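J.: Just to be clear, the model below is a prediction. Sequence and coordinates:
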Amino acid sequence: MKPPKAWKLLSTLLFCYAVRVLVFRFGRNGTPWDRAFPFASAGAPLLLVPGRLRDERNASAREAGRRLRERCRH
């Protein structure tokens, strides 16, 4: 059974947030925890943008392929 899309998105967002917090905290500069959390919250949604753009591009390509097949049948 596949998880609902909302759960998948939420788990991906939380994973990206956690990774970014750890990168900010234990990176070269060693950002303190109180600043790592807000920085990560600003950056985590930006990591989801490429996936969202890919989904939209795939949907439009799927639609264009459907129209082309429909046109070629007649």
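T.: Now that the structure is in, tell me what you want to look at. Numbers count the residues shown, from 1 in each chain.
J.: where's the biggest helix by length in the chain relative to the chain centroid, distance-wise?
T.: Ranked by residue count, the top helix of the chain under DSSP state H comes out as helix 33-73. Distance, stretch centre to chain centre, for helix 33-73: 7 Å (C-alpha atoms, centre = their mean, to the nearest Å).
J.: just checking, what packs against it?
T.: Applying 3 or more C-beta pairs under 8 Å, 6 or more residues apart in numbering; DSSP states H and E, we find helix 33-73 packed against helix 5-26. To be clear about C-beta, it is placed using only N, CA and C from the backbone, and glycine gets the same treatment.
J.: and the residue positioned nearest the centre of the chain, what does it touch?
T.: The centroid of the chain falls nearest to residue 48 when counting by C-alpha atoms, centre = their mean (2.1 Å). Each residue near residue 48 by C-beta atoms under 8 Å, 6 or more residues apart in numbering is listed here: 9, 12, 13, 16.
J.: Looking at neighbours, which among those residues is most surrounded?
T.: The most crowded member of the contacts of residue 48, judged by other C-beta atoms under 10 Å, is residue 16 (17 neighbours).
J.: you'd agree that residue is up against residue 41?
T.: No - in this structure, residue 16 is not within contact of residue 41 by C-beta atoms under 8 Å, at 10.4 Å.
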